[in-house]
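Colleague: Sharing a sequence plus its predicted fold:
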Amino acid sequence: MPARERLRLRTLLRSVPAAVRRDYVSTLAVQWFVLGVGLLLFHLVARRGSVHGFAYYQIARGMVSTFQPVLLLGLGVGLHRYLPRTEHTTRRLARHALSVEAVLVTVVGLAGVAAGDTIAALLGLPGGRSATTAALIMLAGNCLCTVSLAALRGNQQVVDANLVTGLGFGLIPLCAFAAADRIEDFLIMQGTGTAVVGVWAAWVVRRQPATAEKTPEPDVRTLISYGVRRMPGEFALPALYTFPTFAVAVLMPGSAEAGYVGFTTSAVTLICSVFAMLTPVLMPRLSRLFHRAGEDGAVRQLLTVLPLMAGVLAAIPTGLILLFAPVMVRGFLGPEFAGAVPVLRLGVLAAIPLAMFYAARPTMDTLLDAKFMSRLLLACLALEFVATAIAVSFVAAPHAAVLGLVTAATALGLDAVGLAAYAVRQPRR
């Protein structure tokens, strides 16, 4: 990189307010704690349940990750986008969003329990209806806590949001595992505890300071209208991660390979967490900035180069995992999981383009219509399906599944770079 460009980049980075850097670091630290707990639970579940118990846990987690975006109705990203534009209705909007979510998860949960045996058979979950019920309780708890967490982040209550994250998705799962004897009991306790944290979090949302501006404030109908259009994309993004595990579970029912693929996507998630945390920190600020007077042109320049910087940074941990994959698998899972090493080495390459996407996401979600993100993510999910179907004719199912993920992630990352550059050139809305 020429010296002039390096100097310009350093100048742009220095223009980032100290409060933004502080909030990002603290949010990332809490997220790493949650991810660390997740990795520890992989280890503990593998030790307690062995290969087949670990596969069951991964399938249940995949079920939660896949269906949670549908049940959220896009309320999470909607709260990030619209709550910063409220002053008098902030608390009411947050509680209305939680109420809508509570009704939805109750209805879907009851329907899921009624079809529990069928769902368990389809996903290869041992235990029938009871296993499905446990996963649904965990799903409901995650949804309620996620909506309240989005409200806190959208209201820029970073300390409160980090506390809710650490409690709901870190300490409660650990305590639930320690108190439970079976995987099903663990999921039920975790879901119940997380739901309680979510309800409490909705009641600590504060009112925004009033200003002299007199503008219409969004209501829950605005959230739902935006969220329904954004929901297909919110479903497609986690499906990019969970589809490989489901594909292997269906193609090789009862095998341990589904757990190998799940561990690989978790490693990708760990790397991308550094960049995924840009959205809750930047999006509320960008939403307020680009919809009020006093916009800074340097912000647009920084948002343009941010995805490329993320790709370069993500290449470092990706390379380390490629080198030390055998040690990681042996240390986290045990020597009997050696078959996961080649799957991990291939699948982790998806982290680089996905990091580019996550760095571009705050810009796109703030400045573009919901249809842009939804169409992009759905197209990449379809590409993953096609790439996996083609690859399975030439390589083993686990390798085909992660190869499909890498293909879709590459397309997503490259498109995100272009869309972010397009978004910052658009006039303010």
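Modeller: Thanks, I have it. Numbers count the residues shown, from 1 in each chain.

Colleague: Contact partners for residue 190?
Modeller: By CB atoms under 8 Å, 6 or more residues apart in numbering, residue 190 lies in contact with 138, 141, 172, 173, 176, 177. Placement of C-beta: from N, CA and C, glycine included.

Colleague: Just name the closest of those to residue 395, please.
Modeller: residue 138 (32.8 Å; CB to CB).

Colleague: roughly how far apart are that closest one and residue 256?
Modeller: As for residue 138, its distance to residue 256 is 22 Å (criterion: CB to CB, to the nearest Å).

Colleague: Give me the more crowded residue out of these two.
Modeller: Using other CB atoms under 10 Å as the criterion, residue 138 and residue 256 rank with residue 138 on top: 27 against 19.

Colleague: Grab the nearest non-local neighbour of that one.
Modeller: residue 191 (3.8 Å; CB to CB, 6 or more residues apart in numbering).

Colleague: all helices for the stretch 1-150 of the chain, in order.
Modeller: Listed in chain order, the helices of the stretch 1-150 of the chain (DSSP state H, counting those that start in this stretch) span 3-14, 18-72, 75-82, 90-114, 116-123, 129-154.

Colleague: sorry, back to before: reformat the contacts of residue 190 as a markdown table; add pLDDT.
Modeller: Supplementary listing: these in a markdown table, determined by pLDDT from 0 to 100:
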| residue | pLDDT |
| --- | --- |
| 138 | 91 |
| 141 | 93 |
| 172 | 94 |
| 173 | 91 |
| 176 | 90 |
| 177 | 88 |
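
Colleague: and residue 106, how many neighbours?
Modeller: 11.

Colleague: measure the closest residue to it other than its chain neighbours to residue 237 for me?
Modeller: Setting aside the residues directly before and after it, residue 106 is nearest to residue 140 in space (CB to CB, 6+ apart), at 7.6 Å. With distances taken as CB to CB, residue 140 is found 20 Å from residue 237.

Colleague: For residue 176, pull up the helix or strand it's in.
Modeller: Per DSSP states H and E: residue 176 is located in helix 172-179.

Colleague: what residues does that helix touch?
Modeller: Helix 172-179 has contacts (CB under 8 Å, 6+ apart) with 37-38, 40-41, 44-45, 185-186, 189-190, 193-194, 197.

Colleague: Pull out the buried residues from that helix.
Modeller: 172, 173, 176, 177 (16 or more other CB atoms under 10 Å).

Colleague: Give the helix, strand or coil label for residue 393.
Modeller: With DSSP: H, G, I helix; E, B strand; the rest coil as the basis, residue 393 sits in coil.

Colleague: so residue 83 makes contact with residue 157?
Modeller: No: if you go by CB atoms under 8 Å, residue 83 and residue 157 don't touch, sitting 10.3 Å apart.

Colleague: Check what pLDDT residue 364 gets.
Modeller: At residue 364, the model reports a pLDDT of 88.

Colleague: ok, now how distant is it from residue 198?
Modeller: Distance from residue 364 to residue 198, by CB to CB: 27 Å.

Colleague: Repeat that for residue 114.
Modeller: According to CB to CB, residue 114 and residue 198 sit 24 Å apart.

Colleague: These two: which has the busier surroundings?
Modeller: Set residue 114 next to residue 198 and count neighbours by other CB under 10 Å: residue 198 wins out with 25 against 12.

Colleague: Would you list the phi and psi of the residue lying closest to residue 121 once chain neighbours are set aside?
Modeller: Nearest residue to residue 121, sequence neighbours excluded (CB to CB, 6+ apart): residue 128, at 7.7 Å. Residue 128 adopts backbone torsions of phi 60, psi -130, taken as degrees, to the nearest 10.

Colleague: which residues touch residue 161?
Modeller: 27, 149, 152, 153, 280.

Colleague: Can you tell me, leaving aside adjacent residues, what's nearest to it?
Modeller: residue 152 (3.9 Å).

Colleague: Next, count neighbours for the one you found.
Modeller: There are 26 residues near residue 152, going by other CB under 10 Å.

Colleague: what about it, distance to residue 121?
Modeller: Distance of residue 152 to residue 121, given as CB to CB: 39 Å.

Colleague: Next: residue 179.
Modeller: Residue 179 sits 29 Å away from residue 121, going by CB to CB.

Colleague: returning to that earlier point: how about the contacts of residue 161 in JSON lines, adding pLDDT and distance to residue 108?
Modeller: Compiled in JSON lines, the contacts of residue 161 are given as follows (pLDDT from 0 to 100; distance: CB to CB, whole Å):
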{"residue": "27", "pLDDT": "88", "distance to residue 108": "30"}
{"residue": "149", "pLDDT": "93", "distance to residue 108": "20"}
{"residue": "152", "pLDDT": "92", "distance to residue 108": "24"}
{"residue": "153", "pLDDT": "91", "distance to residue 108": "24"}
{"residue": "280", "pLDDT": "85", "distance to residue 108": "25"}
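
Colleague: Out of those, the closest to residue 312 would be?
Modeller: Using CB to CB, residue 27 comes nearest to residue 312 of these, at 21.6 Å.

Colleague: Give me the below-cutoff pLDDT ranges for the stretch 151-300 of the chain.
Modeller: Within the stretch 151-300 of the chain, the segments meeting pLDDT under 70 span 209-215, 254, 291-298.

Colleague: Tell me the pLDDT of residue 59.
Modeller: Reported pLDDT for residue 59: 75.

Colleague: Show me the strands in the stretch 151-300 of the chain, by range?
Modeller: Shown for the stretch 151-300 of the chain, no strands are assigned by DSSP state E, counting those that start in this stretch.

Colleague: where exactly do the helices run in it?
Modeller: Secondary structure of the stretch 151-300 of the chain (DSSP H, counting those that start in this stretch): helices located at 158-166, 172-179, 183-202, 220-251, 257-276, 278-289, 297-332.

Colleague: So which of those helices is the most surrounded?
Modeller: Of these, the one with the most neighbours on average (mean count of other CB atoms under 10 Å) is helix 257-276, at a mean of 24.

Colleague: quick one, it and helix 18-72 angle?
Modeller: With axes from the mean of the first three to the mean of the last three CA atoms, to 10 degrees defining the directions, helix 257-276 sits at 140 degrees from helix 18-72.
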